[in-house]
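**Q** Need a 3D model of the sequence below.
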Amino acid sequence: MIAITEATTVVRPRPYQKLAAAGFVDTWTQRSYAFSDRYGYTCCQGHELTNGESELAERVDQIWVRLPGEDSQIGYTRVSLLGNSPEEMIQGLWPSVHAGVLARLRIPGVAGE
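**A** Here you go, the predicted model:
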């Protein structure tokens with residue numbers, strides 16, 4: 001099962017805690033720290049989207065996974081952000097107020113692993 005959320009862990013920690021208690025795994029916490037954006041901030045660019053430097057300062061957007069059965073560990077995860085660096089601006093605008101989260105999962109026992 002996959003859950004995609006937009007829930008701040010600072011202002012509203014409850015959804016985060018409930019998903020974790022229900023056996024879901026936050027994919028960002030499972031990825032390699034080789035990525036340059038180790039905090040995973042996804043919120044928020046200026047509402048006009050014209051700020052030259054990223055203003056992302058909060059981790060709001062998340063992808064959660066829960067495997068069937070007792071083992072809820074992800075076999076392999078590659079997670080990255082989209083639209084969080086100035087190189088991704090289009091004609092001087094950020095693609096969105098939020099950065100996107102992209103997760104590539106390999107789940108043990110699933111074909112194509």
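**Q** Please count neighbours and contacts with C-alpha atoms only from this point.
**A** OK.
**Q** Around Leu93, how many other residues sit close by?
**A** For Leu93, the count of nearby residues is 17 (other CA atoms under 10 Å).
**Q** Can you mark which positions in stretch 52-72 are buried?
**A** Residues of stretch 52-72 classed as buried: 54-56, 58-67 (neighbour count, 16 or more other CA atoms under 10 Å).
**Q** any chance you could map the strands in this protein?
**A** Listed in chain order, the strands of the chain (DSSP state E) span 2-6, 25-26, 61-65, 76-82, 100-106.
**Q** what packs against the first one?
**A** Counting contacts by 3 or more CA pairs under 8 Å, 6 or more residues apart in numbering; DSSP states H and E, the secondary-structure elements packed against strand 2-6 are strand 61-65.
**Q** Same question for the shortest one.
**A** Contacting strand 25-26 under the criterion 3+ CA pairs under 8 Å, 6+ apart are the following elements: strand 61-65.
**Q** Ile90: how many residues sit nearby?
**A** 10.
**Q** residues contacting it?
**A** Contact analysis of Ile90 by CA atoms under 8 Å, 6 or more residues apart in numbering lists nothing.
**Q** Could you measure from it over to Leu49?
**A** 10 Å (CA to CA, to the nearest Å).
**Q** wait, doesn't Glu88 sit right on Gly100?
**A** No - if you go by CA atoms under 8 Å, Glu88 and Gly100 don't touch, sitting 11.7 Å apart.
**Q** which of the two has more neighbours?
**A** Gly100 (18 against 13).
**Q** is it true that the more buried one touches Leu81?
**A** Yes - between Gly100 and Leu81 there is a contact at 5.5 Å, judged by CA under 8 Å.
**Q** what touches both of these two?
**A** Thr42.
**Q** sorry, back to before: can the buried residues of stretch 52-72 go into JSON lines with extra columns for pLDDT?
**A** Putting the buried residues of stretch 52-72 into JSON lines (pLDDT from 0 to 100) gives the following:
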{"residue": "Ser54", "pLDDT": "93"}
{"residue": "Glu55", "pLDDT": "95"}
{"residue": "Leu56", "pLDDT": "94"}
{"residue": "Glu58", "pLDDT": "89"}
{"residue": "Arg59", "pLDDT": "87"}
{"residue": "Val60", "pLDDT": "88"}
{"residue": "Asp61", "pLDDT": "90"}
{"residue": "Gln62", "pLDDT": "89"}
{"residue": "Ile63", "pLDDT": "89"}
{"residue": "Trp64", "pLDDT": "87"}
{"residue": "Val65", "pLDDT": "85"}
{"residue": "Arg66", "pLDDT": "81"}
{"residue": "Leu67", "pLDDT": "70"}
